[in-house]
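Asker: I would like the atomic coordinates for the input below:
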Amino acid sequence: MTNAHSTFQLGSSDPILLTVKAQLARLGYAVGDAASPDFDAAMDHTIKHFQQRRGLFSDGILGSQTFEQIELARHQLGDRVLRYDPVRPFRGDDVAALQERLSRLGLYTTRIDFEFAQNTDAAVRDLQKNLGLPVDGVAGPRTLRGLDAVTRGKASGDLFALQEKVRLQSTGNSLAGRTFVIDSAPQLPMSDDPALLAQHEAASRSYSHDIAQRIAGRLSAVGASPFVVEGTQDSAKELLDTRASTLISISQDIHPNAAANGVATFYFGTAQGQPSPIGRRLAELVQREILSRTAFQDCGTHARSWKSLHQHTTPTIHIVVGYMTNEDDRTRLHAARTRDSIAESVAVALQRLYLTDAVDPDTGAVDLVALREMLDASGHSAHGGTSDRT
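Answerer: Here you go, the predicted structure:
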């Protein structure tokens, strides 16, 4: 703004004061005649007020320290994209605000110094890694939306819940561009009875695979990237821990009691710990949609500590739809129309997961295409998240 040796006070006049007044005015200070280069009484009062608020000696002298503080105050968090630049480091109130919020999460543990240096870069990368965002150290719109989500409200500080919450809140409401993994052969034994398992396993896998393919077809039609797997193999691990929005496992159950029947949906949770908030919400949505479209008995949604539900950072649900040992359930599953209804239920539930209350029709009332049309007609953004670099 000026050299380090320039000072101004009441009675001074200089063109540089036009710039100072403009910057102070943007910060909400009353500067008197903004078109005048004069350091008048109004300016004297404003400088003293500014110095007091910034922890400077309130003497009304506009010198190097006050100039520096005005320069730092130019940017608020979100005004610009922040990143580590060792040649010309970013400095400002926006950097300090970022450091303060990272500090509240325990990610930034050094002095708040208004400069985006290596410690801040490391903290931003740590945040991005914990929340499943691209790890590039760039504090731009997407990362700041995620930071806003994790430092707001009662969830603050619980990175397990926050990791899932930010996956939802830091992106748009469209399924387009999102990655979904659908497991048609989850590694959970359906029964301890080898005879029952041998009798029904092949048909069960066939039904689950068919449902998974139908879900994938619907998601592909709206621009999503679905991956159907048979058991979450090592090849899918990186996908599940980085890119995937959700993991959906599908199977049927087997029980010695032939009267056992119905559909249940499971998500991660324990009696002692925080359940998966996104998993629970998605499980509830899937359960509601399936019940509204099929004749399966409601066996509810349940929190379970199964390894398959928490071994990846991706929010995960497991749908157990029908009992192979129940004649009525088996008949339902054999009907392609029922399997199609199950697939539609899962696809619609996934879309509902990203909607606000403003666009959320009755359960079972619309299919995925109609729901997308309603969303577009409402004027809500249909775009997914973008990179901080765009």
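Asker: quick one: what helix or strand has I47 in it?
Answerer: Using DSSP states H and E, the element containing I47 is helix 41-53.
Asker: buried ones in that helix?
Answerer: The neighbour-count criterion (16 or more other CB atoms under 10 Å) identifies A42, M43, D44, H45, T46, I47, K48, F50, Q51 as the buried residues of helix 41-53. Using the backbone N, CA and C atoms, a C-beta is placed for each residue, glycine as well.
Asker: Redo these as CSV? Include distance to L285 and pLDDT.
Answerer: Conversion of those to CSV gives the following (distance: CB to CB, whole Å; pLDDT from 0 to 100):
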residue, distance to L285, pLDDT
A42, 58, 94
M43, 59, 94
D44, 61, 94
H45, 58, 94
T46, 54, 94
I47, 57, 94
K48, 57, 93
F50, 51, 92
Q51, 55, 88
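Asker: In the residues you listed, find the pair that's most separated.
Answerer: Using CB to CB, the two most remote members of the buried residues of helix 41-53 are A42 and Q51, lying 15.1 Å apart.
Asker: Could you tell me which ranges of this protein sit under the pLDDT cut-off?
Answerer: Within the chain, the segments meeting pLDDT under 70 span 1-5, 151-172, 187-192, 232-236, 241-242, 270-275, 305, 313, 356-366, 372-390.
Asker: which stretches of it form helices?
Answerer: Using DSSP state H, the helices found in the chain span residues 16-26, 41-53, 64-72, 93-104, 118-130, 141-150, 159-169, 194-221, 237-242, 277-293, 307-310, 327-334, 336-353, 368-378.
Asker: would you list these in a markdown table and tack on distance to R83?
Answerer: Compiled in a markdown table, those are given as follows (distance: least, CB to CB, whole Å):
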| stretch | distance to R83 |
| --- | --- |
| helix 16-26 | 23 |
| helix 41-53 | 28 |
| helix 64-72 | 18 |
| helix 93-104 | 11 |
| helix 118-130 | 8 |
| helix 141-150 | 10 |
| helix 159-169 | 19 |
| helix 194-221 | 34 |
| helix 237-242 | 21 |
| helix 277-293 | 29 |
| helix 307-310 | 33 |
| helix 327-334 | 52 |
| helix 336-353 | 31 |
| helix 368-378 | 33 |
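Asker: quick one: the nearest residue to T109 once chain neighbours are set aside and R111, what's the gap?
Answerer: Beyond its immediate neighbours in the sequence, the residue positioned closest to T109 (CB to CB, 6 or more residues apart in numbering) is S103, lying 7.1 Å away. Using CB to CB, to the nearest Å, S103 is found at 10 Å from R111.
Asker: Repeat that for E68.
Answerer: Distance of E68 to R111, computed by CB to CB: 17 Å.
Asker: Surely V181 touches L240?
Answerer: Yes: using CB atoms under 8 Å, V181 is in contact with L240, at 5.9 Å.
Asker: Going by how many neighbours each has, rank these two and give me the top one.
Answerer: The neighbour comparison of V181 against L240 (other CB atoms under 10 Å) goes to V181, with 25 against 21.
Asker: Thank you kindly, that will do.
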